[in-house]
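A.B. asks: build me a model:
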Amino acid sequence: MNVKSTPPSITSVCLLAGKIMLQSGAETHRVEDTMQRIAASFGKTASQSYVTPTGIIFSIDGTDPTNFMRISERSTDLHKIAIVNSISRQVTNGELSMTEANEQLKQTDLDSYSFSLFFQVIAAALVSGCFAIMFDGSWLDFIPAMLAGAAGYLAMERFHDWVELRFFAEFLASVIIGLLSLLFIHLQLGAEMDKIIIGAVMPLVPGLLITNAVRDLMAGHLVAGLSKGAEALLTACAIGAGIAVGISFV
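C.D. replies: Numbering: from 1, shown residues only. Have a look, this model is predicted:
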């Protein structure tokens, strides 16, 4: 006996698209716009959505029950955002049915497009060395900045696996960067400690978070913009405090 699966609802498809985008680092106004476009493509032109960095509230036509989805984990995955945008455009153009869109969104949610930790550490090392040169450092600071940046990024990822508070992980990673920079200068392996530190902390700086905060504020999403700005400020304070503790041993 064949049992037919229940087709997905418009609300579930919209919430899944919004969840993937918000967890991947999209701006809140982009998430709301995508959800409303998908709903409108299926004939629901009066949908209402309210998105914050930690939750999504969505309702259709004011007649269906209002749905809420909690967002507890957020990262940066621009590839997933691009995939959801592509699915949204295909739905708007009538190229995907609701069931097909739901299946593609489910697969996108399950897939992981991030690079392995090894490649992330290598990228952090290269970024750190290049930023040290870009901020008027000498080539003598290139290798120390690479090593300190790689060690700091690896430490942040490992500490974050052990401790759920990302700010604490960023603080400890910054302490390690400060200590390594101090050690390189003490061993005369680098020329300027400030240039080494500036380059090494760049992979930890919440650049996307700051950008999204400004964009949300400009779009009129004051709650989301201020909360993301506060999160970026706390991250900056954690990095600064960690560096201060690390170099205080001089």
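A.B. asks: tally of neighbours for residue 206?
C.D. replies: 21 (other Cβ atoms under 10 Å). The C-beta positions use only the backbone N, C-alpha and C, and glycine is treated the same way.
A.B. asks: so who does it touch?
C.D. replies: For residue 206, the contacting residues are 231-232, 235-236, by Cβ atoms under 8 Å, 6 or more residues apart in numbering.
A.B. asks: show only the entries of those found in strands.
C.D. replies: Members of those lying in strands (criterion: DSSP state E): none.
A.B. asks: can you flag which of those belong to helices?
C.D. replies: Judged by DSSP state H, these include 231-232, 235-236 as members of helices.
A.B. asks: list just the nearest of those to residue 181.
C.D. replies: Comparing the ones in helices among the contacts of residue 206 against residue 181 with Cβ to Cβ places residue 236 closest, at 18.0 Å.
A.B. asks: re earlier: need the contacts of residue 206 in TSV (columns: neighbour count).
C.D. replies: Converted to TSV, the contacts of residue 206 look like this (neighbours: other Cβ atoms under 10 Å):
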residue	neighbour count
231	19
232	20
235	19
236	17
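A.B. asks: got a markdown table for those residues, with pLDDT and distance to residue 46 too?
C.D. replies: Shown next, in a markdown table, are the contacts of residue 206 (pLDDT from 0 to 100; distance: Cβ to Cβ, whole Å):
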| residue | pLDDT | distance to residue 46 |
| --- | --- | --- |
| 231 | 87 | 33 |
| 232 | 89 | 35 |
| 235 | 89 | 39 |
| 236 | 89 | 41 |
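A.B. asks: and which of those residues is nearest residue 185?
C.D. replies: Nearest to residue 185, judged by Cβ to Cβ, of these is residue 236 at 23.7 Å.
A.B. asks: how much space between residue 156 and residue 181?
C.D. replies: Look at residue 156 and residue 181: by Cβ to Cβ, to the nearest Å, they are 16 Å apart.
A.B. asks: oh sorry, the question was meant for residue 162
C.D. replies: Residue 162 is 24 Å from residue 181, by Cβ to Cβ.
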